[in-house]
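Undergrad: Prediction below, plus the sequence it came from.
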Amino acid sequence: MTTTHQHAATVLLQDTFERINELVDGITDGLSREQSAFRPDPGANSIGWLVWHLSRVQDHQIAGLTGSPQVWTEQGWDKKFDLPLDPGDTGYGHTAEQVGQVSATGELLAGYHRAVRVATSAYLEGLAADGLDRIVDRDWDPPVTAGVRLVSTFADCLQHCGQAGYVRGLADRSTG
């Protein structure tokens, strides 16, 4: 239900990001560290890397929209994961070796993603209808609005959820 403060578009965006959260929960449910590291090919992305990356991307983009620190460092997830990566790293452009360095249980991956989802939800709850039209990046032609940034973030997360779900199916078949 929309309120006077929330526009129907922001309610729709809330629903889209909640769907990502549900997909992540399904992918990570009962996921062992060994399964999380499964890669169908040495050059492929692992389940853990895909879920970590999509969560990092969402965290990075929402923090950029709010001007707030990222959940990753603000809530100590960088320490919980203890990865040999720069704390600002989101996984963009990672080599196969760097992908292999991301190791985590399903519980840890889901926990971080849920924390990112809370930050996303808080941002969307406070977003007025005209907030979607705010220009957030003038390096593109046309300039990128907050609404476009949210949709592109959702699309990226959805794509990686599909990939992680597929690799999870392969992992389950090879280890089950």
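TA: On my side now, so go ahead.

Undergrad: which phi and psi does residue 106 have?
TA: The phi/psi pair for residue 106 (degrees, to the nearest 10) reads phi -60, psi -40.

Undergrad: now swap in residue 142 and tell me
TA: Per degrees, to the nearest 10, the backbone of residue 142 is at phi -80, psi 160.

Undergrad: What is the neighbour count of it?
TA: 8 (other C-beta atoms under 10 Å). For every residue, glycine as well, the C-beta is placed using N, CA and C.

Undergrad: can you check residue 133 too?
TA: 11.

Undergrad: Now do the same for it: its pLDDT.
TA: pLDDT for residue 133: 94.

Undergrad: Check residue 2 too.
TA: pLDDT, residue 2: 42.

Undergrad: For the residue nearest the centre of the chain, what is the enclosing helix or strand?
TA: Residue closest to the mean C-alpha point of the chain, counted by C-alpha atoms, centre = their mean, is residue 55 at 2.2 Å. Per DSSP states H and E: residue 55 is located in helix 47-66.

Undergrad: helices and strands around that helix, which ones?
TA: Here helix 47-66 touches helix 8-28, helix 33-36, helix 71-74, helix 106-125, helix 146-175, going by 3 or more C-beta pairs under 8 Å, 6 or more residues apart in numbering; DSSP states H and E.

Undergrad: Could you give me the buried positions within the third one?
TA: Going back to what we said before, that points to helix 71-74. Using 16 or more other C-beta atoms under 10 Å as the test for burial, helix 71-74 gives 71, 72.

Undergrad: ditto for the second one
TA: The neighbour-count check on helix 33-36 (16+ other C-beta under 10 Å) flags 35, 36 as buried.

Undergrad: again, but for the first one
TA: Of the residues in helix 8-28, those buried by neighbour count under the rule 16+ other C-beta under 10 Å are 9, 10, 13, 14, 16, 17, 20, 21, 23, 24, 27, 28.
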